[in-house]
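*Asks:* Give me the fold of what follows.
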Amino acid sequence: MGDDANHVPPRQTKRTRNSLLSFGAPHLSQVAKEDLEQTAVLLCAPGKGISACDESAGTVGKRFEAVGISNTEENRRKYRQMLFETDGIDQFLSGVILDPETLYQKSSTDGRLFPEVLKSKGIVPGVKPHLKVYELPGTNGDTIMQGLDSLALRAREYKKAGAKFAKWRSPIVIDVNSGRPTSIAIRANMQDLARYALICQSEGLMPIVEPDISLSGDHDLEIAVKVNIAVQSELFKAMTDMGVYMSGATLKSNIVNPGKDCLQSYTVQEIADANLFVLRQSFPVAMKGNNYLSGGQSLRQAAARLSAINQVKKTDPWNLSFSWSAAIQLPLLDLCKESGELEIEQMSKLYKEELQIASRASLGKLNDLKDGDHYRN
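*Replies:* Residues are numbered from 1 along each chain as shown. The predicted model follows:
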């Protein structure tokens with residue numbers, strides 16, 4: 001008999017019943033992992049979504065000025081207070097993404113900081129930590145986001161201020177004629193998103209990753225599917241390669257659509273099928289859910305498409321919901337056109353009605369879906 005017959009396997013260490021196996025992300029403690037995953041679970045509660053209130057002062061200013069409202073810090077604070085203190089929003093919201101300015105502002109109702117106001121309603125406060133986009137040389141106009149260099153320090157400060165999660169957006173444009181997005185841009189943006197997620201988790205913030213493929217362009221749905229799969233598969237590979245704890249991260253992607261100038265028509269059911277196909281190709285089951293961005297769609301369009309996606313979803317494991325900004329907020333600001341002042345009472349009433357529509361869409365309960373069809377006028 002050969003030497004193998006006399007080989008004695010190494011003695012196995014007996015595990016106690018209370019000991020825990022720990023797979024992946026060895027730089028995080030078990031407590032840290034559990035905290036990150038619990039935040040993900042809270043944000044992905046069925047029937048609830050995330051209100052995106054993270055617009056910069058400049059973006060809010062453009063929206064204000066379009067309806068005659070002065071872009072002052074106090075007006076921004078009053079407007080956000082309405083978004084946070086409207087009665088009953090906790091029925092429809094699991095989280096709110098704040099701009100850093102808003103993270104440190106207080107309610108005039110009781111003097112509490114806005115993160116505390118949200119927590120008292122059972123709504124998880126988060127923050128947008130990225131800075132500005134800049135053009136990536138040699139890519140015919142592709143861009144990349146700034147802000148990684150100082151992210152760890154800022155994430156630490158935001159957590160102390162009450163944030164429990166963060167959201168980083170990487171915008172991408174499909175332009176078939178110019179060959180965009182380039183593979184360089186996809187790889188650079190998705191690696192940055194993965195690095196952002198890794199840094200945030202290390203500082204105790206649960207990361208939402210947002211690959212935002214623009215609705216602009218004349219590409220068809222098939223091209224949109226192909227690009228979205230390329231982007232998302234690159235993202236999730238980068239995240240796993242870098243050691244991101246996937247159960248403690250969530251996704252905020254665009255609804256997969258043809259370009260808004262596409263001449264070919266698609267039904268809302270075809271768009272829903274395309275979205276589920278993309279997710280099924282690469283979205284890890286470890287991640288709890290995806291809160292779709294609106295990305296230039298109206299509330300009616302986005303809600304119809306989200307509802308159709310959830311009606312098709314069936315046994316897929318993820319919670320698919322909303323994280324909308326312009327689709328919900330622009331109709332609110334339209335109420336201010338005549339007076340040029342913040343019409344807080346009217347805005348609050350409409351805001352709650354809009355959130356109820358979004359909530360029903362996240363459960364697949366909207367049945368009038370004609371607004372979700374794509375057709376070119």
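*Asks:* How many neighbouring residues does Tyr134 have?
*Replies:* Number of residues near Tyr134 (other C-beta atoms under 10 Å) recorded here: 10. Every C-beta, even on glycine, is put in place using the N, C-alpha and C of the backbone.
*Asks:* can I assume it is in contact with Asp142?
*Replies:* No - Tyr134 is not in contact with Asp142 according to C-beta atoms under 8 Å; the separation is 10.5 Å.
*Asks:* Okay, now the unreliable bits of the stretch 251-377 of the chain?
*Replies:* Per-residue confidence for the stretch 251-377 of the chain (pLDDT under 70) gives these ranges: 377.
*Asks:* all helices for it, in order.
*Replies:* With DSSP state H, counting those that start in this stretch, the ranges of helices along the stretch 251-377 of the chain come out as 268-282, 299-313, 326-334, 344-362.
*Asks:* For His130, which of the ones you listed is the nearest?
*Replies:* helix 326-334 (17.9 Å; C-beta to C-beta).
*Asks:* Specify the beta-bridge partners of Thr143.
*Replies:* Glu135 (DSSP bridges).
*Asks:* Tell me how far it lies from His130.
*Replies:* Distance, Thr143 to His130, by C-beta to C-beta, to the nearest Å: 12 Å.
*Asks:* Over to Asn228?
*Replies:* For Asn228, the distance to His130 equals 21 Å [C-beta to C-beta].
*Asks:* the more surrounded of the two?
*Replies:* Taking other C-beta under 10 Å, Asn228 and His130 do not tie; Asn228 has more neighbours (26 against 21).
*Asks:* which SSE is that one in?
*Replies:* Using DSSP states H and E, Asn228 sits in helix 221-241.
*Asks:* likewise Gly95?
*Replies:* Per DSSP H and E: Gly95 is located in strand 93-98.
*Asks:* same for that strand, what does it pack against?
*Replies:* Under the contact criterion of 3 or more C-beta pairs under 8 Å, 6 or more residues apart in numbering; DSSP states H and E, strand 93-98 touches helix 30-43, strand 49-53, helix 73-85, helix 114-120, strand 124-127.
*Asks:* partner strands of that strand, parallel or antiparallel?
*Replies:* Here, using DSSP bridges, strand 93-98 pairs with strand 49-53 (parallel), strand 124-127 (parallel).
*Asks:* just checking, next helix/strand downstream of the longest one?
*Replies:* Helices and strands here follow DSSP H and E; after strand 49-53, the next one along the chain is helix 57-66.
*Asks:* Just the angle for that next one relative to helix 326-334, thanks.
*Replies:* Orientation check (axes from the mean of the first three to the mean of the last three C-alpha atoms, to 10 degrees): helix 57-66 against helix 326-334 gives 40 degrees.
*Asks:* for the record, mean pLDDT for the strand holding Gly95?
*Replies:* Average pLDDT, strand 93-98: 98.
*Asks:* Over to stretch 121-132?
*Replies:* According to the model, stretch 121-132 has a mean pLDDT of 95.
*Asks:* quick one: terminal-to-terminal distance for it?
*Replies:* 32 Å (C-alpha to C-alpha, to the nearest Å).
*Asks:* tell me the contacts of Ser70?
*Replies:* Going by C-beta atoms under 8 Å, 6 or more residues apart in numbering, Ser70 touches Phe64.
*Asks:* so where do the strands sit in the stretch 151-300 of the chain?
*Replies:* 165-172, 206-213, 250-251, 289-292 (DSSP state E, counting those that start in this stretch).
*Asks:* For Asp368, find the nearest of those.
*Replies:* Closest to Asp368 of the strands of the stretch 151-300 of the chain is strand 289-292 (C-beta to C-beta; 19.1 Å).
*Asks:* Just the C-alphas of that closest one, formatted as PDB.
*Replies:* C-alpha atoms of strand 289-292 as PDB (Å, rounded to 0.1, in the frame of the first residue of the first chain):
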ATOM      1  CA  GLY A 289     -33.500  45.100  -3.500                       C
ATOM      2  CA  ASN A 290     -33.400  47.700  -6.100                       C
ATOM      3  CA  ASN A 291     -35.000  51.200  -5.700                       C
ATOM      4  CA  TYR A 292     -35.400  52.400  -9.300                       C
END
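*Asks:* list the buried ones in that strand?
*Replies:* With burial defined by 16 or more other C-beta atoms under 10 Å, the residues of strand 289-292 counted as buried are Gly289, Asn290, Asn291, Tyr292.
*Asks:* give me the low-pLDDT residue ranges for the stretch 1-150 of the chain?
*Replies:* 1-22.
*Asks:* List the contacts of Asn275.
*Replies:* With contact set as C-beta under 8 Å, 6+ apart, Asn275 has these partners: Ile255, Val256, Arg305, Ile309.
*Asks:* now do Ser29
*Replies:* Contacts of Ser29 (C-beta under 8 Å, 6+ apart): none.
*Asks:* ditto for Asn75
*Replies:* Counting by C-beta under 8 Å, 6+ apart, Asn75 has contacts Phe64, Ile69, Leu342.
*Asks:* got the contact list for the helix holding Asn228?
*Replies:* Outside helix 221-241, the residues that touch it by C-beta under 8 Å, 6+ apart are 172, 174, 176, 181, 186-187, 189-191, 193-194, 197-198, 209, 211, 213, 219, 246, 249, 253-254, 256-259, 262, 264, 266, 270-271, 274, 277-278, 281-284, 374.
*Asks:* Same question for stretch 101-111.
*Replies:* With C-beta under 8 Å, 6+ apart, stretch 101-111 has contacts from 53-54, 57, 73, 76-78, 80-81, 84-85, 112-115, 117, 125, 127, 158, 161-163.
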